[in-house]
Each structure stands twice: as C-alpha cells, then as structure tokens.
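In: Build me a model from this:
(one chain, ligands or ions: 1)
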Amino acid sequence: MHLIIGGDSHFGLKTEGIDRTDDILDSKIQILKYMLQLKKEGEDVIYLDMGDVFHGTRPTTEVMATAISYYRTIDSEGIDTLIIAGNHDVIDQKGKTSALAPLQAVGFKHLHIYHDITLVSFHPSLNIVTLPHISKAHAVEEGFKTVQEYIDTKAKGIEEILPENQINIVIGHMNVEGAKTGTESYMIKGAHEDFPQVLKKSKKVNYIFNGHIHRPQVIENPNGPPIIITGDISTNDFGERLDTKVFFDLELS
Ligand SMILES: [Mn+2]
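Out: Residues are numbered from 1 along each chain as shown. A predicted model of the protein is given here:
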C-alpha cells in the first residue's frame, strides 16, 4: 500500500498577474503519473491531498473545470483520494463550506472531501485523522468561542478513540510551531491555529503530515513522530524560486 501525499496546489493562483494553472497542472500530473505507475505494478494507492486545492474561494469556471477533470482521471482509476480543506478553500460564513463544494457535488466514487476533524478508517488497521482548516463560523456554529478551542477539543476526543497497535496517520492544514515559512503572505489568510498538542504528543500516532506551510521541511517533535511539512507542489512566488518542491510516497506493508 502506498500513500501519496502532496498539497497546496493553489489552482487559480496568479503570480505577478501571470496565470499559473498550467504550471500547477504540470505538477499535479507528475503525481498522477507516479500513482498510475504504482497501480500498473499492482500496488494499492491512496492519495492524500493536503488542502488549498484552490487559491481562492471563488475559482473561475476554467479553473474549476481543470480541477474536476484532474480528479475525474484519478477517480476513474479507482484511486481513493482524501482532500482536507485548506484556509484558501474555506468560506468563513455560516452554512457555507468551501471552494471544494462543486468537486464534492460531482459525486466521484473515490473522492472524499473533509471539512471537519474526523477519524477515517479506509482499510483494516489504517486510520487517518483529518485536520482541515476550520473557520471561525464553523467553530461558533459548534458552540465554541475560538477556533483553537474547537480544534483542541475535537482532537482530544479523536485521540481517545484512536485504536492502539494500528497505523494512525494525521493529515493537517495547520500552523506548526518551529516551521520556517517562505511565503507568509499566501498562508496567513484567516489561519492562525496551531496543530493540536494532543495529537503531536500522542503515542498512538505513527505519522504526521501537514500542508499549509509552503516550504517542505521536517519538524522535530520530541514527544511524537516528526512532523512532515509537505509544502506547495509548484513554485508559488519568487521567494520560493530556490526551493525544491516535493510530494511523498509512504509505503506501508
Ligand atoms: Mn497554501
């Protein structure tokens, strides 16, 4: 079983007025080709898409069509894809979800989109905790004063029910203390919440992957697994011109 992990596509991004859809799609297609090769070799593949699929909450019809067409190809190959909403996707308004709503409405069989903190068990002994960006409106609707309070409470409840002796993976779109940022201006947008301590320190968590921060890096985490920051998949601005962009392949036996 291979988990392919990458995030922060930012479909719809313009850099200095230049439309970046083609560059972003090129990077996404590299991931797709890699997954198709694994499938061809008879491997099981799950794609974890780490948030900020779209750069803005109102993507143009062209941008949306590009994204739908991309995820349709993956879906038709029978590859399960989990997307967690990022701060750029989410609409901070009561009753609204995110720019991902049209993708969800297509009704792809293998595409799963998460706007809340949940525990997903896809395969026996493999569990994935989703930590998407949570808006203020969402937290208030759930009866919390702050988003951090909601995240910490919900994360605590999930940590308690995490099965022992299974593979438990957390995927987040949060701030991570100690991370070096390259493109702050893209990230800050309505997102000030920290990765919940309870999951950072949990002895039951085997792997932590986190999007949101655009510079790929590994953050030491003395009481839990290292936090792998997946970064954005293509160079988003000139401040990142020297960065190497990556996606991850986690092979589980
Ligand atoms: Mn981002």
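
In: where does the closest residue to F54 other than its chain neighbours fall, phi/psi-wise?
Out: Nearest residue to F54 in three dimensions, chain neighbours excluded: A99, at 4.2 Å (C-beta to C-beta, 6 or more residues apart in numbering). C-beta here means a position set from N, CA and C on the backbone, and glycine is covered the same way. Per-residue torsions, A99: phi -60, psi -10 (degrees, to the nearest 10).

In: what sits against A99?
Out: Contacts for A99 (C-beta atoms under 8 Å, 6 or more residues apart in numbering) come out as 53-54, 56-59, 88-89, 91.

In: Show the buried residues in those.
Out: Neighbour-count burial within the contacts of A99 applies to 53-54, 56-57, 59, 88-89, 91; the criterion is 16 or more other C-beta atoms under 10 Å.

In: of these, closest to V176?
Out: H88 (17.2 Å; C-beta to C-beta).

In: Go through the strand or helix carrying V198 and flag the buried ones.
Out: Using DSSP states H and E, V198 sits in helix 197-200. Residues of helix 197-200 classed as buried: 198-200 (neighbour count, 16+ other C-beta under 10 Å).

In: and if you look at stretch 153-164?
Out: For stretch 153-164, by 16+ other C-beta under 10 Å, it's 153-155, 158-159, 162.

In: quick one: that stretch to chain centroid distance?
Out: Put simply, stretch 153-164 sits 20 Å off its chain's centre (C-alpha atoms, centre = their mean, to the nearest Å).

In: go on, stretch 93-100?
Out: Using C-alpha atoms, centre = their mean, the offset of stretch 93-100 from its chain centre is 17 Å.

In: quick one: is that stretch near the ion?
Out: No - Stretch 93-100 lies out of reach of the ion by C-beta under 5 Å from the ion, never closer than 12.7 Å.

In: nearest to the ion, of the buried residues of stretch 153-164?
Out: Proximity of the buried residues of stretch 153-164 to the ion (C-beta to the ion) peaks at A155, which lies at 20.8 Å.

In: gap between that closest one and E141?
Out: Distance of A155 to E141, computed by C-beta to C-beta, to the nearest Å: 18 Å.

In: One more: D194?
Out: Counting by C-beta to C-beta, the gap from D194 to E141 is 21 Å.

In: what is Q217 paired to in the beta sheet?
Out: Beta-bridge partners for Q217, by DSSP bridges, are I229.

In: what separates it from the ion, distance-wise?
Out: 14 Å (C-beta to the ion, to the nearest Å).

In: That residue: neighbouring residues, count only.
Out: Neighbour count for Q217, taken as other C-beta atoms under 10 Å: 18.

In: who's in contact with it?
Out: 179-180, 229, 231.
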